[in-house]
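>>> task: produce atomic coordinates for the following.
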Amino acid sequence: MFWHSSLPETIVSDADSAASEAAKIGFPVVLKACGTHLTHKTEAGGVVLNLRGKGEVKKEATSLKINGCEGLLVQEWYWVTRTCLWLDKGFQLVHASCSVLEGCSPKFLKMLSSELLL
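Predicted coordinates for the structure are as follows:
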């Protein structure tokens, strides 16, 4: 199964707007540099997770001055762990993995948990 979630998010052009929009979305938030030609945001230092207040957002937004950055994406953020189990036809465990889902809204988590209980 694949899930897609629409997280509360907005694109802004400056640190003050980022802080203001983050407060509207609610904390914690993730802040991401965005731009037409900007690739590999994480490797370039263009992603900051788990910002918990307007001051933190403003400070980090000011420091996200990386090449190709044309704006700032402010997005709702949650830290969730996902575990996947692969079973063969006899329901024997074949493989297990654990990964992290970031940016998951409570609505997404509720939908995910209801799907897993089927």
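>>> phi, psi for residue 20 please.
phi -60, psi -50 (degrees, to the nearest 10).
>>> err, residue 47, not the other one
Torsion angles, degrees, to the nearest 10, at residue 47: phi -130, psi 130.
>>> bridge partners for it, pull those for me.
Taking DSSP bridges as the rule, residue 47 bridges to residue 32.
>>> verify the stated contact: it with residue 31.
Yes: the pair residue 47 / residue 31 is scored as a contact, 7.4 Å apart, by C-beta atoms under 8 Å. Where you see a C-beta, it was placed from the backbone N, CA and C, and this is true even at glycine.
>>> out of the two, which sits in the busier spot?
residue 31 (27 against 16; other C-beta atoms under 10 Å).
>>> who touches the strand or helix carrying residue 11?
Residue 11 belongs to strand 9-12 when elements are defined using DSSP states H and E. With C-beta atoms under 8 Å, 6 or more residues apart in numbering as the test, strand 9-12 has contacts from 18, 21, 25, 34, 71, 72, 73, 74, 75, 76.
>>> residue contacts, the third one?
What that stands for is residue 25. Contacts for residue 25 (C-beta under 8 Å, 6+ apart) come out as 8, 9, 10, 74, 75, 76.
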